[in-house]
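[1] Any chance you can model this:
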Amino acid sequence: MEMNLTETSNVIVAIASAPLLNGLIKAAKARLQNRRGPRLLQGYFDIRKWLHKDAVVSPTTSWIFAAAPYVYLAATVAATVQLFAMDFIVMIYLLASGRFFLVLASLDAGSAFGGMGGAREMFIAALVEPALLLAAATLALPAQSTQMALLTATAESGSIQLSQLLAAIAFYLVLVAETGRIPVDNPDTHLELTMIHEGMILEYSGHRLALIHLAAALKQLLFIVLFCQLFLPWGDAAWLAVKVMLVALLLALTETSTNKMRLFKVPEFLMLSGLISLLALLAQ
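    Next comes the predicted model:
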């Protein structure tokens, strides 16, 4: 696979701006809750701090624990490349491979919290991926392809239809789950009963923790851009930035207006997404 200069620049901009988008969501959420909240650039400061700290590693861990953050980040960057260049299905399974290694690392450390977080992550992943593929199938069927260029072109060429509106709602529910946002997960918590993603990475520190947080922020940006490209396909690159910020504000509003649901309620939440996707397919 060859990338031109524009696609390479897009990937670099995505990596560089991912912590900023995360900061925007946190700042907006804090304002909606009448709190001061962290600074907009706090994500960059945190990553710089972790990069300068020494890593503490348990002597019981294997090479999987050391390699997982690099694999997770590399898989997320590769998925970002697919977003700008190639295939939707390949992008989804690149993200799944990164998640798989992170779950292996959470079990490798041998801590109770890591195993709990890894089990919960795989439980949600088994529900998210079918719902995500169903939502994308609404655009893939008319395009007769899963190539990102054809999916985007189909979305741009068609008028707004009921099937697209339903697919957009279904995809947004998946976006909330896949990015670990309330009501499915709480990215700011370290409480035992609510941790999912944070439970998996409790044993990490130093530069490896920085890589994991950068990859998580990039994955979040990737899904928001994907949502904008498939369901809000109007305007140029400047408008894409505006749409990404609006979706980020919508995420902050969603988190502020809802409570975290119990884990056994998550299947019902994702089944709702799958049901709406099926309705979108029937409405075509």
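[2] where in this structure is pLDDT low?
    Low-confidence segments of the chain, defined by pLDDT under 70: 1-4, 84-85, 158-159, 189-195.
[3] for it, what spans make up the helices?
    Under the criterion DSSP state H, the chain contains helices at 5-32, 42-52, 63-85, 88-108, 112-143, 148-157, 162-178, 197-200, 206-231, 237-257, 266-282.
[4] Please point out which parts of the longest one sit buried.
    The reference is to helix 112-143. By neighbour count, and taking 16 or more other C-beta atoms under 10 Å as the criterion, the buried residues in helix 112-143 are 113-121, 124-125, 127-129, 131-140, 142-143. For glycine as for every other residue, the C-beta is placed from the backbone atoms N, C-alpha and C.
[5] And for the last one?
    The neighbour-count check on helix 266-282 (16+ other C-beta under 10 Å) flags 266, 269-270, 273-274, 276-277, 279-280 as buried.
[6] Likewise for the fourth one?
    Of the residues in helix 88-108, those with enough neighbours to count as buried (16+ other C-beta under 10 Å) are 88, 90-92, 94-95, 97-108.
[7] With the third one instead?
    By neighbour count with 16+ other C-beta under 10 Å, helix 63-85 contains the buried residues 64-65, 68-69, 71-85.
[8] So for Pro187, which of the helices of the chain sits nearest?
    Distances from Pro187 to each of the helices of the chain were compared using C-beta to C-beta; the shortest belongs to helix 197-200, at 6.7 Å.
[9] So which residues make contact with the closest one?
    The set of residues external to helix 197-200 that reach it, using C-beta atoms under 8 Å, 6 or more residues apart in numbering, is 102-103, 105-106, 113-114, 116-118, 120-121, 180, 185, 187, 189-190, 216.
[10] next one: stretch 277-284
    Surrounding stretch 277-284, the residues in contact under the criterion C-beta under 8 Å, 6+ apart are 131, 134-135, 137-138, 141-142, 161-164, 166-167, 170.
[11] Ramachandran coordinates for Asn259?
    Dihedral angles phi and psi of Asn259 (degrees, to the nearest 10) take the values phi -110, psi 160.
[12] residue contacts, it?
    Residues 182-183 are the ones in contact with Asn259 under the rule C-beta under 8 Å, 6+ apart.
[13] Next, find the distance separating it from Leu211.
    31 Å (C-beta to C-beta, to the nearest Å).
[14] got it, and Gln164?
    36 Å.
[15] Next: Leu175.
    Taking C-beta to C-beta as the criterion, Leu175 is separated from Leu211 by 23 Å.
[16] Fine by me, thanks again.
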